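**Student:** Provided below for reference: sequence and predicted model.
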Amino acid sequence: MSSVEIRICEGSSLDLLDRWIPSNGRTSFHRRRFEQQVAGSGTYLVAWLDQRPVGHLLILWTGCAADESRHWPVRCPELNALGVWPPRQRRQGIGRALLGRAEAMVAERGYVAVGLGVADDNPDAFRLYQRLGYTTRVGRYVDRWTWVDHDGVERQEAEPCTFLAKSLT
């Protein structure tokens with residue numbers, strides 16, 4: 001396998017992202033993440049393999065938006081929306097490379113910790129995060145979001161999660 005290259009998303013890459021890593025609904029997952037980057041609240045990283053996007057991760061510089069997070073002792077950027085596509089590309093180091101690049105960027109900005117949420121029904125991701133040092137359970141919360149399906153109907157989702165933090169020092 002060729003080596004994976006991790007780059008900050010550029011607007012010119014959005015059409016390729018939509019073609020190779022499809023969004024579930026009418027609005028582009030990637031465009032919404034890129035808009036957060038343009039607004040300054042996030043940095044959207046994309047993993048490339050042989051000139052094709054194969055993964056993504058959003059650094060939310062403002063931290064976790066869940067109401068429960070304001071009571072957590074650790075305030076840090078949140079790594080969000082980690083994904084590798086297509087599924088046959090998983091377990092080949094792409095997610096690990098995205099996480100490593102994101103952690104380096106967070107440390108470069110002077111943060112001493114980084115966090116992420118993992119869905120209760122995703123034990124594979126939980127094990128990966130544990131192997132990478134995300135062992136501090138900071139808190140439980142329900143991740144909530146809305147999206148518009150292909151018929152134009154707004155859908156609301158809720159997913160029980162655990163927020164994990166990792167020391168970068």
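**Tutor:** Cool, got the structure. Numbering: from 1, shown residues only.
**Student:** helix or strand right after the worst-scoring helix or strand of the chain on mean pLDDT?
**Tutor:** Ranked by mean pLDDT, DSSP states H and E, the weakest helix or strand in the chain is strand 136-148, scoring a mean of 83. Using DSSP states H and E, the helix or strand that follows strand 136-148 in sequence is strand 154-167.
**Student:** Show the average pLDDT along that following strand.
**Tutor:** Across strand 154-167, the average pLDDT comes to 91.
**Student:** Residues contacting that strand, please?
**Tutor:** Residues outside strand 154-167 that contact it (Cβ atoms under 8 Å, 6 or more residues apart in numbering): 25, 64, 66, 69, 72, 74, 76, 103, 112-121, 126, 129, 132-149. Yep, even glycine has a C-beta here, placed from its N, CA and C like the rest.
**Student:** So what are the sheet partners of it and their directions?
**Tutor:** If you go by DSSP bridges, strand 154-167 pairs up with strand 113-119 (antiparallel), strand 136-148 (antiparallel).
**Student:** Go through those and pick out the most buried.
**Tutor:** strand 113-119 (a mean of 22; mean count of other Cβ atoms under 10 Å).
**Student:** which residues touch the least confident helix or strand of the chain?
**Tutor:** 24-27, 64, 66-69, 71-74, 115, 117, 119, 154-167.
**Student:** again, but for stretch 11-27
**Tutor:** 9, 28-31, 34, 46, 52-56, 83, 85, 147-150, 152, 155.
**Student:** Narrow the residues you listed to those that are buried.
**Tutor:** 9, 28-30, 34, 46, 53-56, 83, 85, 147 (16 or more other Cβ atoms under 10 Å).
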